[in-house]
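**Student:** Structure here, sequence nowhere to be found:
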């Protein structure tokens, strides 16, 4: 889980057969408690993080498979 876009590029270039998932957060920072609650809700509400590059925005979450 990161705010750094470079991790996505590294994940797509990885030569692992089963790459772990990457969650790119592109949401407003705001108050830490609200941000933590939002992230916790996202993690509890989704099960397909592994093997995906997920972009979390304020209004949506996009999933792109990392497996080749």
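**Tutor:** The structure has been received and is ready for your questions. All values derive from a computational prediction rather than experimental measurement.

**Student:** tell me the centre residue of this protein?
**Tutor:** Nearest to the mean C-alpha position of the chain, counting by C-alpha atoms, centre = their mean, stands residue 23 at 1.2 Å.

**Student:** So what touches the helix or strand containing that one?
**Tutor:** Element membership for residue 23 (DSSP states H and E) is strand 22-26. With contact meaning C-beta atoms under 8 Å, 6 or more residues apart in numbering, strand 22-26 is reached by 1-5, 7-8, 11, 39, 42, 49, 52-58, 66. Bear in mind the C-beta positions are built from the backbone N, C-alpha and C, glycine included.

**Student:** now the helices: where do they sit in this protein?
**Tutor:** With helices called from DSSP state H, the chain shows them at 6-13, 32-45.

**Student:** among the ones you listed, which is nearest residue 62?
**Tutor:** helix 6-13 (11.4 Å; C-beta to C-beta).

**Student:** That closest one packs against which elements?
**Tutor:** strand 22-26, strand 52-57 (3 or more C-beta pairs under 8 Å, 6 or more residues apart in numbering; DSSP states H and E).

**Student:** rewinding a little: out of the helices of the chain, name the one with the poorest average pLDDT.
**Tutor:** Lowest mean pLDDT within the helices of the chain: helix 6-13, at a mean of 76.

**Student:** could you give the angle of it to strand 52-57?
**Tutor:** Going by axes from the mean of the first three to the mean of the last three C-alpha atoms, to 10 degrees, helix 6-13 is angled at 160 degrees with respect to strand 52-57.
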